[in-house]
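Engineer: output the structure for:
(one chain, ligands or ions: 1)
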Amino acid sequence: MILFNLRCADGHDFEAWFRDGAAWEQRSDGAVSCPVCGCTEVSKAPMAPRIGRHRGEAEPAAALTSQLTTQLAGLRKTIAENCDYVGDRFAEEARKIHYGETKPRDIYGEASPAEARELLEEGVTFQRLPVVPRTNS
Ligand SMILES: [Zn+2]
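Structural biologist: Okay, here's the model as predicted:
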């Protein structure tokens, strides 16, 4: 189905669904009428201009997602380069650092939601990292 923006001879704008482009081209006279004045002389209304967007470009939302993904990947890289990866021992290591049982350093790793909650309750500060969606590249 395609939603067309239509305009009647009197300039009323409205929308109508068609099965496809051909259904619009082959519609019988009077099949589509203006819901405001009932006029059957309708034509496709010019679409609102889309600034800065050309045919074939990604949807704005997709572009934003891809931008975020890139930024998150960069964040992950920075963390990977500057912090020790402790895997699923994150809660244990974070706690040791918090209580001064090991030398202070930046770490990253995985913690279960329950572990994360316990750390918060103990006053251990940490940041949650957003999951970076895998790209196909
Ligand atoms: Zn009309």
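Engineer: determine the number of other residues adjacent to the residue nearest to residue 104 when sequence neighbours are not counted.
Structural biologist: Leaving aside its chain neighbours, residue 104 sits nearest to residue 97 (5.5 Å; criterion: Cβ to Cβ, 6 or more residues apart in numbering). All C-beta spots, glycine's among them, are computed from the backbone N, C-alpha and C. Counted with other Cβ atoms under 10 Å, the neighbours of residue 97 add up to 17.
Engineer: which secondary structure element contains residue 97?
Structural biologist: Per DSSP states H and E: residue 97 is located in helix 90-98.
Engineer: and the gap between residue 68 and the ion?
Structural biologist: Distance of residue 68 to the ion, given as Cβ to the ion, to the nearest Å: 43 Å.
Engineer: regarding that residue, what is its secondary structure?
Structural biologist: At residue 68, secondary structure determined by DSSP: H, G, I helix; E, B strand; the rest coil is helix.
Engineer: any idea how far it lies from residue 62?
Structural biologist: 11 Å (Cβ to Cβ, to the nearest Å).
Engineer: who has more neighbours out of those two?
Structural biologist: Between residue 68 and residue 62, counted using other Cβ under 10 Å, the more crowded position is residue 68 (13 against 10).
Engineer: confidence score at the more buried one?
Structural biologist: At residue 68, the pLDDT value in this model is 79.
Engineer: same check on residue 103?
Structural biologist: What the model reports for residue 103 is a pLDDT of 88.
Engineer: now do residue 113
Structural biologist: pLDDT recorded at residue 113 is 87.
Engineer: can you list phi and psi of it for me?
Structural biologist: Note on residue 113: its backbone torsions stand at phi -50, psi -40 [degrees, to the nearest 10].
Engineer: any idea how far the most centrally placed residue in the chain lies from the ion?
Structural biologist: Per Cα atoms, centre = their mean, the C-alpha nearest to the average position across the chain is that of residue 65, at 4.7 Å. Going from residue 65 to the ion by Cβ to the ion gives 40 Å.
Engineer: let the chain start at 5 from now.
Structural biologist: All right, first residue 5 from here; so that's residue 69.
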